[in-house]
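> need a structure here:
(2 chains)
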Amino acid sequence: MKYMLLMQFSAQNTDFPSIDTWTPEEIKAHIGFMHDTNGKLMAAGEWVDGQGLSGPEQAKIVRAGGGGAAVITEGPFAETKEFLAGYWIVDTDTPERAIELATQISAAPGPGGRPLNMPIEVRPVMSGPPQDV
Amino acid sequence: MNPNRPVEDLLRELAPQVVGVLTRRFGDFTTAEDAVQEALLAAATQWPQEGLPDNPRGWLIQVGYRRMIEHVRGEQARRNREDLAARREPYDQMSAPPADLELTADRDDTLVLLFMCCHPALSPTSAISLTLRAVGGLSTAEIARAFLVPEATMAQRISRAKQRIKSSGVPFSMPDAADRARRLDAVLHVLYLIFNEGHTSSAGPDLRRVELSGEAIRLARALHALLPTDSEVAGLLALMLLTEARSPARTGPGGELISLADQDRGRWDGAAIAEGVALVIAALPRGPVGPYQIQAAIAALHDEAPSAEKTDWPQIRALYQVLERHSANPVVSLNLAVATAMVYGPTAGLEALAALDADPRMAGHHRLYAARAHLYEMAGNLPAAIDNYRAAAGRTTSRPEQHYLTLRAARLTNPLKTNTP
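Residues are numbered from 1 along each chain as shown, chains lettered A, B, ... in the order given. Reported below is the predicted structural model:
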């Protein structure tokens, strides 16, 4: 069963300073943790895909408008309180295992090596075979 | 269409035999399986160009044997082999294989491999992957494609599964009678899971080659050929054939699901139905009757009904009662409730479904909502039907099923709009 683990950056639910104020060692430890996590997932045969996303300042919102012309706006905007920071798609034997992986990822180290405890949304990927109804 | 098809089919048939021979000679399943993968790769590239060798099986054994020697020459591998040989020795000395095993040595290797790959220490996912590669002869890339994961992930999954078998210390031999019965359950379960996995309707052209339900049927046939008197093996093969027979009518031109009642029965595969029915009829009186035979008997009743209205629901209901007594499980109870509704009306069915709300395995499950929605629709309670279809749609992880349920709710919400272009 595949699950998508969405790392939600939420200004409301986080209590650590912005990453550009961390020390290089802290940033390195954080990156190293993510690197390790992906390596372990691959070795376990559970890794399907995983990417970090750029910040909202580089995002554009595209919406097809009337007459086929797209409306493109900058943003999410400066006041954005929540955005998607990255995601993993894992293929696990049980839903409990997906929760366990999300828990580990949530505890990625931040300033002073303390766990960030970022909220990770876990959602099943639509892929199950249809049953006879 | 594919000129290499005969070569591929031949390789798949020979792969488990060659793994069996090399494993018996070296006593090391992990390395033998790797060596055979390399031999298969060599054959797949050479044979179509240079023509088939006179003795394809011998060719593969020889190439695999050479690869095996190369692997085994490594210091680490030698130590492992000696270690393993020491552990294996008493088993080999204490028991000679039964006489009938010797006569059909090649074919029994397939069975032994199947039993090994369905090792109880493995998770179902790992057992499926390993079975498809070692017994089904599929490549890692093909299995990865079928399960929509990267090839590296599938390779890791297979190699970990092999390590787990190796570290379990279970020798490469047929399990004894008591263990064999227990392992056969796992083997049947894994084949059943492979079959279900193959039910995905969105199989693109790339997936055709590894059409998993077809592969499951092929393996079940092989198992049935090896154990022709086992009624549950026959029952599982029959269940697969009778279910697969309906697949041409299960989806519409847009990939949308069509419920059993609405399927065009003219598109069902008559030959597969006849074969499945014959298997059930032969297996049932032989006993002991197990869950696969009962499910096959139910599938046979559906397949033989000339129309949805003429389905023998009283008989199906009776079979679900037997199945519930045999192996109590909420999905069986749900099907029994639906059959009850078809015999005694939707109210009786809804009452039977109410009991399932208390079962934590079923409460909140999309199939419970879907069944309830159908019964409310039958009873003419459209608002309740719509609510339950929507609840079911929000809970399924199958996209075709979600579309089916959403469509069903939409039809009841806007009955007049259904047929407008």
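
> now for the closest residue to chain A within the stretch 151-300 of chain B, how many residues are close by?
Nearest residue of the stretch 151-300 of chain B to chain A: B:Arg157, at 3.0 Å (Cβ to the nearest Cβ). Bear in mind the C-beta positions are built from the backbone N, C-alpha and C, glycine included. B:Arg157 sits with 25 neighbouring residues when counted by other Cβ atoms under 10 Å in any protein chain shown.

> now do the buried residues in whichever strand or helix holds B:Gln402.
Under the criterion of DSSP states H and E, B:Gln402 resides in helix B:399-413. Using 16 or more other Cβ atoms under 10 Å in any protein chain shown as the test for burial, helix B:399-413 gives B:399-405, B:408-409, B:412.

> the residues you listed also near chain A: which ones?
Near chain A, judged by Cβ under 8 Å from any Cβ of the partner chain, the entries from the buried residues of helix B:399-413 are B:399-402, B:404.

> just to revisit the earlier point, would you turn the buried residues of helix B:399-413 into JSON lines with pLDDT?
Putting those into JSON lines (pLDDT from 0 to 100) gives the following:
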{"residue": "B:Arg399", "pLDDT": "81"}
{"residue": "B:Pro400", "pLDDT": "81"}
{"residue": "B:Glu401", "pLDDT": "86"}
{"residue": "B:Gln402", "pLDDT": "88"}
{"residue": "B:His403", "pLDDT": "85"}
{"residue": "B:Tyr404", "pLDDT": "90"}
{"residue": "B:Leu405", "pLDDT": "93"}
{"residue": "B:Arg408", "pLDDT": "93"}
{"residue": "B:Ala409", "pLDDT": "93"}
{"residue": "B:Leu412", "pLDDT": "93"}
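
> any idea of the mean pLDDT for stretch A:60-79?
Averaging pLDDT along stretch A:60-79 gives 75.

> ok, residues contacting that stretch?
For stretch A:60-79, the surrounding residues in contact (Cβ atoms under 8 Å, 6 or more residues apart in numbering or on different chains) are A:56, A:59, A:83.

> of those, closest to chain B?
Using Cβ to the nearest Cβ, the contacts of stretch A:60-79 come closest to chain B at A:Phe83, 25.0 Å.

> can you name the residues bridging to the closest one?
Beta-bridge pairing for A:Phe83 (DSSP bridges): A:Phe9.

> and it, how far from A:Pro111?
For A:Phe83, the distance to A:Pro111 equals 20 Å [Cβ to Cβ, to the nearest Å].

> repeat that for A:Asp93.
Remark: distance between A:Asp93 and A:Pro111 (Cβ to Cβ) = 35 Å.

> the two - which one has more neighbours?
When A:Asp93 and A:Pro111 are compared for neighbours, A:Pro111 comes out ahead with 16 against 13, by other Cβ under 10 Å.

> pretty sure the more buried one contacts A:Pro17?
Yes - between A:Pro111 and A:Pro17 there is a contact under Cβ atoms under 8 Å: 6.4 Å.

> name the SS class of the residue of chain A at minimum distance from chain B, please.
In chain A, the residue that lies nearest chain B is A:Gly45 (3.0 Å; Cβ to the nearest Cβ). Under DSSP: H, G, I helix; E, B strand; the rest coil, the three-state class of A:Gly45 is coil.

> that one: neighbour count?
24.

> would you mind listing what in the stretch 1-150 of chain B touches chain A?
Residues of the stretch 1-150 of chain B lying near chain A (Cβ under 8 Å from any Cβ): B:123-126, B:147-150.

> of those residues, which belong to helices?
Using DSSP state H, B:124-126 are the members of those that sit in helices.

> relative to the lowest-mean-pLDDT helix or strand in chain A, what are the paired strands and their orientations?
Lowest mean confidence among the helices and strands of chain A (mean pLDDT, DSSP states H and E): strand A:70-74, at a mean of 79. Applying DSSP bridges to the sheet, strand A:70-74 is found paired with strand A:60-64 (antiparallel).

> how far out from the middle of the chain is the partner strand?
Relative to the centre of its chain, strand A:60-64 is centred 21 Å away, using Cα atoms, centre = their mean, to the nearest Å.

> for that strand, output the C-alpha coordinates as CSV.
Extracted as CSV, the C-alpha positions of strand A:60-64 are listed here (Å, rounded to 0.1, in the frame of the first residue of the first chain):
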residue,chain,number,x,y,z
LYS,A,60,3.3,30.4,-9.0
ILE,A,61,-0.3,29.7,-9.1
VAL,A,62,-1.7,28.8,-12.6
ARG,A,63,-5.4,28.7,-13.3
ALA,A,64,-6.9,28.3,-16.8
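
> what mean pLDDT does stretch B:226-245 have?
Rounded mean pLDDT across stretch B:226-245 is 95.

> give me the buried stretch members for that stretch, please.
Neighbour counts over stretch B:226-245 (16+ other Cβ under 10 Å) mark B:230-245 as buried.

> repeat that for stretch A:57-74.
Buried-residue list, stretch A:57-74, by 16+ other Cβ under 10 Å: A:Ala59.

> between the two ends of it, how far is it?
Its start and end residues considered, stretch A:57-74 measures 8 Å (Cα to Cα, to the nearest Å).

> what's the answer for stretch A:73-86, then?
Separation of the first and last residues of stretch A:73-86 by Cα to Cα is 21 Å.

> can you lay out the contacts of stretch A:60-79 as JSON lines showing distance to B:Val343?
JSON lines is the format used below for these (distance: Cβ to Cβ, whole Å):
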{"residue": "A:Pro56", "distance to B:Val343": "59"}
{"residue": "A:Ala59", "distance to B:Val343": "58"}
{"residue": "A:Phe83", "distance to B:Val343": "55"}
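
> for the one helix or strand A:Ile89 maps to, the distance to its chain's centre please.
Here A:Ile89, judged by DSSP H and E, is contained in strand A:82-91. Centroid displacement of strand A:82-91 relative to its chain, using Cα atoms, centre = their mean, is 3 Å.

> returning to what we had before: output the residues of the stretch 1-150 of chain B next to chain A in JSON lines, with neighbour count and pLDDT appended to each entry.
JSON lines is the format used below for the residues of the stretch 1-150 of chain B next to chain A (neighbours: other Cβ atoms under 10 Å in any protein chain shown; pLDDT from 0 to 100):
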{"residue": "B:Ser123", "neighbour count": "17", "pLDDT": "89"}
{"residue": "B:Pro124", "neighbour count": "14", "pLDDT": "88"}
{"residue": "B:Thr125", "neighbour count": "20", "pLDDT": "88"}
{"residue": "B:Ser126", "neighbour count": "22", "pLDDT": "91"}
{"residue": "B:Phe147", "neighbour count": "21", "pLDDT": "86"}
{"residue": "B:Leu148", "neighbour count": "14", "pLDDT": "84"}
{"residue": "B:Val149", "neighbour count": "23", "pLDDT": "90"}
{"residue": "B:Pro150", "neighbour count": "17", "pLDDT": "93"}
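
> which of those residues sit farthest apart?
Greatest spacing in the residues of the stretch 1-150 of chain B next to chain A, by Cβ to Cβ: B:Pro124 and B:Pro150 (20.1 Å).

> any weak-confidence spans in the chain?
No chain was given, so I picked chain A. The model of chain A has pLDDT under 70 over residues A:75-80, A:128-133.

> actually it's chain B I care about, not the one you picked
B:1-4, B:74-78, B:81-82, B:85-108, B:172-173, B:199-210, B:415-421.
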